[in-house]
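>>> What would the 3D arrangement of this be:
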Amino acid sequence: MDGATFTIPTFRTPARILIPKLVKSRDGWKAKANDRKKRLKAARIRIRDLVNSRDHWKDKAHAAENRNAELERQLEQAQQDLAAVRKENEQLRDELKKK
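Sure, this is the predicted structure:
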């Protein structure tokens, strides 16, 4: 180590004062870390639930749109059938009037 010596630092503050402060500091950051973990877990659960809810409603909306499109097709078909029946009805009335 090229002549460099490693010295252990000596603290001027007595251990009876220093140790409680270090313990309090450690307990503080541990509590803070635990709080962050709890909030992160709660946020992840909330996000999971919101994503599931959004997907559920999105699926429901797509199903409603598909049903609406199908009903519109059925309505259009029924209107075309009605128009054809009315036209046939008019033709039959015209034939009856001619006789």
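>>> element containing the residue sitting nearest the centre point of the chain?
Most central residue of the chain, judged by C-alpha distance to the mean C-alpha position with CA atoms, centre = their mean, is Val51 at 1.9 Å. Element membership of Val51, judged by DSSP states H and E, is helix 15-98.
>>> Tell me which residues touch the residue nearest to the centre of the chain, please.
The neighbours of Val51, taking CB atoms under 8 Å, 6 or more residues apart in numbering as the test, come to nothing; the list is empty. Quick note: C-beta positions are derived from backbone N, CA and C, even for glycine.
>>> Give the helix, strand or coil label for Arg12.
Arg12 carries the three-state label coil when classified by DSSP: H, G, I helix; E, B strand; the rest coil.
>>> Can you give me the neighbour number for it?
The tally of other residues near Arg12 (other CB atoms under 10 Å) stands at 5.
>>> Look up how far Asp94 lies from it.
With the distance defined as CB to CB, to the nearest Å, Arg12 ends up 119 Å from Asp94.
>>> cool, and Asn34?
Following CB to CB, the distance that separates Asn34 from Asp94 is 89 Å.
>>> Next: Leu82.
Distance check for Leu82 against Asp94: by CB to CB, it reads 19 Å.
>>> try Ser25
102 Å.
>>> cool, and Lys37?
Here the distance between Lys37 and Asp94 works out to 85 Å (CB to CB).
>>> In which helix or strand does Phe6 reside?
Assigned by DSSP H and E, Phe6 belongs to no helix or strand.
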